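J.: take this sequence and fold it.
(2 chains)
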Amino acid sequence: MTMILPGGEPFFLKGGSTGCLLVHGFTASPQEMSWMGEYLNKRGCTVLGIRLTGHATQLKDLARARWQDWQHSVEDGYHMLSSRCQNVIPIGISLGGALSLKFAAIHDVPAVVCMSTPYELQVPPVWLLKAISTIMPVKKKGATNWSAPDAGEARVDYRGYPLRAIAETALMVDSLHPDLRRITCPVLLMHSRADDFVPPENMDRLYAAIGSDFKEKKLFDRSNHILTCDIDREDVFQTAAEFLEKYRLLP
Amino acid sequence: MTELMKGGEPFFFSGGETGILLVHGFTGTPFEMRWMGEQLAAQGYTVVGIRLFGHATVQEDMIRARYQDWVANVEDGFAMLQKTCSRFYIGGLSMGGVLSLYSAAELPWNGVFSMSAPIESPDARLAAFRPILPLVSKVWRFSAKGNPDWADPSRDEDHLEYPTHPVRAGVELVLLLAKMRKNLLKIQIPVLILHSKSDRVVPYRHAERIMHRLATQDKRLVLLEKSGHAIPRDVDREQALNEISAFLKHSSPGASA
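T.: So this is what the prediction gives:
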């Protein structure tokens, strides 16, 4: 028996000199980036969908994670891709989007793409989350509302949120604020009006704070939070590819 | 700290249909496998050198590591090779060898090699006090390392690893070793065991015991003479590389890299 949940493994697809580093979201798995990965690979990119520390194994593993571990997972993916690709572009959803932005603030990347990314989490203060997590370690997840019927079929994720890890996510997102103005590469932000988990105002606040002169934002209408799997996904993938094409990053 | 130790980053070299996963040791970094990775890539192999959780950052991170994290990292590496290669090998140094041998009975590898792998903790106290160590390690967090055993001491200058052993992580190593010993009895693929007679961290008797316990009949033990524990960095590394290259060719007859 493997440690990683079946279907939740990272994936690598061989392609051209542009490497797409795909970063999944909180409590999810590389699976939620796999359709986007296949699309970008068809467009000629080399693709690596990483697994963030503590994800796609057991819920208790995530409770041990600190947000720096997730940043290290992104670093790992970057170094693996850059051993073979000239350009490496971080592309992430939700927490993965925040990690991608942080990476773009620290490293010299040619572009960055973020989807459904929070500027601020609507959660209790970190000290309180940490305290509650000692008596109530896990908050159960409600059912996900998908707009596309097939969006959740192959989904690999945890059925709850470790409170300790919610605190880490909040710390990660807060740590991003001073970094945003340091981002100078082209940035594409995408969000859905119908996102019931991270409201679309987050995109506007990120957009305003990002230092780059080359930033774009695009709203979708029908999808829920998981833009890479939900009903607008083909549009989302195409928008990302057009953005890369514009900066001559598609092979 | 959000960045990895400089030079200690993982690597992924493109190559042919045969993929090799390289696994570093306890408190080490992918750096100790990099030279070998480069050499194997030059021979035409696709090579991934993973970073194990808690390594190549700050040693405090290792306190939170569980052996399951390290096994999952090996699975990550396999998954990365899976869609680009058709034949798969795994090998590692010390605990990386332990993880490789453990994984040999779990995933569809075509062959496995280890360097300087122990069969049990070389420090008997670690196993004896294991039940109380998780508690003790809250106070006694780091244990001093013994003197390095390089045959070529100049290798120590640019070596990248943590300066101490995180005690809590030692518990995980002991648990992993027990899992590996069980799996040795199940391994049916070709195995190459490399060890140095001059290894003062893990004596080469460990290699002989691993050989004895391995279920497969296709197994070979190569004893080096001068090298210290860190075989892929020390003086006999060319010989080790040649043995590994020959092993890869022997166990995939007809296949090209």
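J.: tell me the secondary structure at B:Arg168.
T.: helix (DSSP: H, G, I helix; E, B strand; the rest coil).
J.: actually B:Ile187, not the one I wrote
T.: Strictly by three-state DSSP, B:Ile187 counts as coil.
J.: gap between it and A:Asp174?
T.: Distance, B:Ile187 to A:Asp174, by Cβ to Cβ, to the nearest Å: 48 Å. Yep, even glycine has a C-beta here, placed from its N, CA and C like the rest.
J.: which stretches of chain B have low pLDDT?
T.: Residues of chain B meeting the criterion pLDDT under 70: B:1-2, B:253-257.
J.: one more pass at 80, please.
T.: Along chain B, the parts satisfying pLDDT under 80 run over B:1-2, B:252-257.
J.: residue most distant from the centroid, it?
T.: What lies farthest from the middle of chain B is B:Val139; by Cα atoms, centre = their mean that is 28.7 Å.
J.: between B:Ile187 and A:Asp174, who's got more neighbours?
T.: Neighbour totals were compared for B:Ile187 and A:Asp174, and B:Ile187 leads with 22 against 14 (other Cβ atoms under 10 Å in any protein chain shown).
J.: which positions within stretch B:224-236 qualify as buried?
T.: B:224, B:227-236 (16 or more other Cβ atoms under 10 Å in any protein chain shown).
J.: give me the distance from it to the chain's centre.
T.: 14 Å (Cα atoms, centre = their mean, to the nearest Å).
J.: what does it contact?
T.: B:25, B:32-33, B:35-36, B:93-94, B:115-116, B:148-152, B:155, B:159, B:194-202, B:237, B:239-241 (Cβ atoms under 8 Å, 6 or more residues apart in numbering or on different chains).
J.: which element is B:Leu22 on?
T.: Secondary structure assignment for B:Leu22, by DSSP states H and E: strand B:18-23.
J.: helix or strand right after that strand?
T.: Past strand B:18-23, the next helix or strand by DSSP H and E is helix B:31-42.
J.: which residues are in contact with the following helix or strand past that following helix?
T.: Using DSSP H and E, the helix or strand that directly follows helix B:31-42 along the chain is strand B:46-49. The contact list for strand B:46-49 (Cβ under 8 Å, 6+ apart) reads A:80, B:10-22, B:24, B:30, B:33-34, B:37, B:40-41, B:77, B:80-81, B:84-85.
J.: make a PyMOL selection of the buried ones in the residues you listed.
T.: Per 16+ other Cβ under 10 Å, the buried members of these correspond to this PyMOL selection:
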select buried, (chain A and resi 80) or (chain B and resi 10+11+12+13+15+16+18+19+20+21+22+24+30+33+34+37+40+41+77+80+81+84+85)
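J.: residue numbers of chain B in contact with chain A?
T.: Within chain B, the positions near chain A by Cβ under 8 Å from any Cβ of the partner chain are B:1-4, B:9-14, B:48, B:50-51, B:53, B:57, B:61, B:64, B:66, B:68-69, B:71-72, B:75-76, B:79-84, B:106-107.
J.: show me the helices in the stretch 51-200 of chain B, by range?
T.: According to DSSP state H, counting those that start in this stretch, the stretch 51-200 of chain B carries its helices in the segments B:67-82, B:95-104, B:124-128, B:133-136, B:167-184.
J.: go through these and pick out the most buried.
T.: Of all the helices of the stretch 51-200 of chain B, helix B:95-104 carries the top mean neighbour count, a mean of 28, counting by mean count of other Cβ atoms under 10 Å in any protein chain shown.
J.: for chain A, what lies in contact range of chain B?
T.: A:1-4, A:9-14, A:48, A:51, A:53, A:57-58, A:61, A:64-66, A:68-69, A:71-72, A:75-76, A:79-81, A:83-84, A:102, A:106.
J.: in the stretch 151-251 of chain A, which residue sits nearest chain B?
T.: Taking Cβ to the nearest Cβ as the measure, the stretch 151-251 of chain A has A:Ser175 as its residue closest to chain B, at 8.6 Å.
J.: check contacts around the spatially closest residue to A:Ile89 that is not a sequence neighbour.
T.: Residue nearest to A:Ile89 in three dimensions, not counting chain neighbours: A:Ala111, with 5.1 Å by Cβ to Cβ, 6 or more residues apart in numbering or on different chains. A:Ala111 makes contact with A:89, A:185-188, A:243-244, A:247, A:249 under the criterion Cβ under 8 Å, 6+ apart.
J.: if you rank those by neighbours, which is first?
T.: Result: A:Ile89 is most packed of the contacts of A:Ala111 (other Cβ under 10 Å), 29 neighbours.
J.: hang on, isn't it packed against A:Val109?
T.: Yes: here A:Ile89 reaches A:Val109: they are 6.3 Å apart, a contact under Cβ atoms under 8 Å.
J.: quick one: contacts of the lengthiest helix in chain A?
T.: The longest helix of chain A (DSSP state H) is helix A:163-180. Helix A:163-180 has contacts (Cβ under 8 Å, 6+ apart) with A:26-27, A:54, A:62-63, A:65-67, A:70-71, A:95, A:98-99, A:101-102, A:105-106, A:118-121, A:123, A:126, A:129-130, A:132-133, A:136-139, A:206, A:209-211.
J.: which SSE is immediately downstream of it?
T.: Next element after helix A:163-180 (DSSP H and E): strand A:187-192.
J.: double-check that B:Lys249 belongs to a helix.
T.: Yes: when three-state DSSP is applied, B:Lys249 is found to be in a helix.
J.: can you name the residue of the stretch 101-250 of chain B nearest chain A?
T.: B:Glu106 (6.8 Å).
J.: mind listing what that residue touches?
T.: A:1-2, B:71, B:183.
J.: farthest-separated two in those?
T.: Maximum pairwise distance in those, criterion Cβ to Cβ, is 13.4 Å, between A:Thr2 and B:Asn183.
J.: list the buried residues in stretch B:214-225.
T.: For stretch B:214-225, by 16+ other Cβ under 10 Å, it's B:214, B:219, B:221-222, B:224.
J.: for A:Thr228, which three-state class applies?
T.: coil.
J.: ok, which stretches of the stretch 51-200 of chain A are strands?
T.: Remark: strands assigned in the stretch 51-200 of chain A by DSSP state E, counting those that start in this stretch are A:87-93, A:112-115, A:138-140, A:160-162, A:187-192.
J.: what about the closest residue to A:Asp76 other than its chain neighbours, distance to A:Ala28?
T.: Sequence neighbours aside, B:Pro10 is the residue nearest to A:Asp76 in space, at 5.1 Å (criterion: Cβ to Cβ, 6+ apart). Noted for B:Pro10: a distance of 22 Å to A:Ala28, by Cβ to Cβ.
J.: ok, back up a step: what is the nearest of the contacts of A:Ala111 to A:Glu216?
T.: Using Cβ to Cβ, A:Leu188 is the member of those that sits closest to A:Glu216, with 5.1 Å.
J.: most remote residue from chain A's center?
T.: Chain A, farthest from centre, Cα atoms, centre = their mean: A:Ile135 at 29.3 Å.
J.: JSON lines please, covering the buried residues of stretch B:214-225 and showing secondary structure and distance to A:Glu216.
T.: Shown next, in JSON lines, are these (DSSP: H, G, I helix; E, B strand; the rest coil; distance: Cβ to Cβ, whole Å):
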{"residue": "B:Leu214", "secondary structure": "coil", "distance to A:Glu216": "58"}
{"residue": "B:Lys219", "secondary structure": "strand", "distance to A:Glu216": "58"}
{"residue": "B:Leu221", "secondary structure": "strand", "distance to A:Glu216": "60"}
{"residue": "B:Val222", "secondary structure": "strand", "distance to A:Glu216": "58"}
{"residue": "B:Leu224", "secondary structure": "strand", "distance to A:Glu216": "58"}
